[in-house]
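Q: Return a 3D structure for these sequence lines:
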Amino acid sequence: MSDRPANDGLLSRVKTPATIELEGPFGVAVAHVEPSPERDPEAEGQDAAAMIPTPSGLVLAVADGVGGVRGGAQASGLAVRTLHESLIAASELGAREAIMDTFDQTDATAQASPSIGSTTLLVVEVNEGVLRTYNTGDSEAVLVGGRGKIKLRTVAHSPVGYQVAAGILDDVSALHHELRHYITNVVGSGEMRIDVGPRVTMAARDTLVMGSDGLFDNVSVEELAAVVNQGPLLTATESLIELVRRRMEMPAIDEPSKPDDLSLVLYRQQGRL
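A: Below you'll find the predicted structure:
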């Protein structure tokens with residue numbers, strides 16, 4: 001169960017796995033959120049996701065409430081609700097301004113309330129086949145071409161993420177790094193930094209994958225690229241979820257395994273390809 005109806009395109013504070021598929025003139029998108037397999041069955045997860053249609057396209061989001069401190073679930077839920085509300089009022093602001101305002105509002109509200117913690121926030125704006133990323137934290141976005149080529153990957157704001165971006169660490173070594181869980185930039189800290197990516201034009205067979213560290217700590221980017229190119233988008237999403245669950249619940253030698261809350265969003269302009 002989420003804290004908002006599924007028809008809002010928002011998923012947050014779930015206690016059981018939840019999936020939404022959304023189709024329209026913009027293409028097709030699938031969002032999925034589920035709590036860690038190690039959580040108590042009555043405990044809510046700290047991840048959230050959103051898929052919000054706009055007059056000219058779609059806005060997608062993943063938020064991962066910071067664990068180990070109070071109010072992570074409240075922070076990620078606040079982020080996607082604020083994004084939804086800002087975009088509703090975006091007729092005067094425009095989507096870009098509404099997205100940037102979401103980061104500022106969430107950061108300020110979290111600081112002002114002792115019950116709200118901090119969260120990552122990754123937002124992707126899709127406008128007539130052109131996407132742009134907005135990111136604070138270690139949730140990541142990857143654009144996979146129809147033949148598996150990685151066309152875009154955002155930088156995770158963490159010591160390991162910076163080393164991967166600089167070419168110091170390869171992706172497989174990074175998955176097993178002892179500092180993998182550290183994060184250096186979050187919404188709610190009062191010191192957040194927002195990385196705004198370049199505009200990227202999507203090809204017809206490209207697949208955008210967004211996820212919290214529950215995804216990227218358990219699957220390499222090469223594995224992800226191979227899985228998401230298999231069949232319709234919903235089928236690809238289900239295959240990816242199945243792989244992550246197996247890694248979390250059945251550790252194997254030389255494979256990554258980090259039980260955690262999982263949130264992901266997949267998007268294609270033509271979802272049946």
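Q: so where is the stretch 51-200 of the chain shaky, pLDDT-wise?
A: Residues of the stretch 51-200 of the chain meeting the criterion pLDDT under 70: 68-69, 91-93, 172-180.
Q: ok, which stretches of it are strands?
A: Counting by DSSP state E, counting those that start in this stretch, the segments of the stretch 51-200 of the chain that form strands are 57-64, 121-127, 130-136, 140-144, 150-153, 195-196, 200-201.
Q: can you list the ones you listed in TSV and add distance to I88 and mean neighbour count?
A: No exception for glycine: its C-beta is placed from N, CA and C like everyone else's. Listed next are the strands of the stretch 51-200 of the chain as TSV, based on distance: least, C-beta to C-beta, whole Å; neighbours: other C-beta atoms under 10 Å:
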stretch	distance to I88	mean neighbour count
strand 57-64	11	28
strand 121-127	15	26
strand 130-136	18	22
strand 140-144	23	24
strand 150-153	28	16
strand 195-196	22	13
strand 200-201	26	13
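Q: between the ones you listed, which one is nearest to V227?
A: strand 140-144 (9.5 Å; C-beta to C-beta).
Q: I253 is in what secondary structure piece?
A: If you go by DSSP states H and E, I253 is not part of any helix or strand.
Q: Check the gap between it and I20 for me.
A: 36 Å (C-beta to C-beta, to the nearest Å).
Q: Between those two, point out the one with more neighbours.
A: For I253 versus I20, neighbours defined as other C-beta atoms under 10 Å are more numerous around I20 (20 against 4).
Q: so how many other residues sit close to D254?
A: Using other C-beta under 10 Å, D254 has 6 other residues around it.
Q: one step back: any idea which of the strands of the stretch 51-200 of the chain gets closest to I241?
A: That would be strand 57-64 among the strands of the stretch 51-200 of the chain, by C-beta to C-beta, at 14.2 Å.
Q: what separates that closest one from the chain centre, distance-wise?
A: Counting by C-alpha atoms, centre = their mean, to the nearest Å, strand 57-64 is centred 7 Å from the centre of its parent chain.
Q: what angle do that strand and strand 140-144 make?
A: Between strand 57-64 and strand 140-144, the angle comes out at 130 degrees (axes from the mean of the first three to the mean of the last three C-alpha atoms, to 10 degrees).
Q: From the contact counts, what lies against strand 57-64?
A: Here strand 57-64 touches strand 27-34, strand 47-54, helix 72-88, helix 95-112, strand 121-127, strand 207-211, strand 262-268, going by 3 or more C-beta pairs under 8 Å, 6 or more residues apart in numbering; DSSP states H and E.
Q: cutoff 6 Å now
A: With contacts defined as 3 or more C-beta pairs under 6 Å, 6 or more residues apart in numbering; DSSP states H and E, strand 57-64 has these neighbours: strand 47-54, helix 72-88, strand 121-127, strand 262-268.
Q: mind putting these in CSV, distance to T133 included?
A: Putting the helices and strands packed on strand 57-64 into CSV (distance: least, C-beta to C-beta, whole Å) gives the following:
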stretch, distance to T133
strand 47-54, 15
helix 72-88, 14
strand 121-127, 5
strand 262-268, 12
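Q: and of these, who's closest to S139?
A: Here strand 121-127 is closest among the helices and strands packed on strand 57-64 (C-beta to C-beta), at 4.0 Å.
Q: what angle do the closest one and strand 130-136 make?
A: Here the directions of strand 121-127 and strand 130-136 differ by 170 degrees (the same axes, to 10 degrees).
Q: between the helices and strands packed on strand 57-64, which gets nearest to Q111?
A: Checking the helices and strands packed on strand 57-64 against Q111 by C-beta to C-beta gives helix 72-88 as the closest, at 10.6 Å.
Q: and that closest one, which residues are buried?
A: Neighbour counts over helix 72-88 (16 or more other C-beta atoms under 10 Å) mark 72-84, 86-87 as buried.
Q: Next, the angle strand 130-136 makes with that helix.
A: Per the same axes, to 10 degrees, the angle that helix 72-88 makes with strand 130-136 is 140 degrees.
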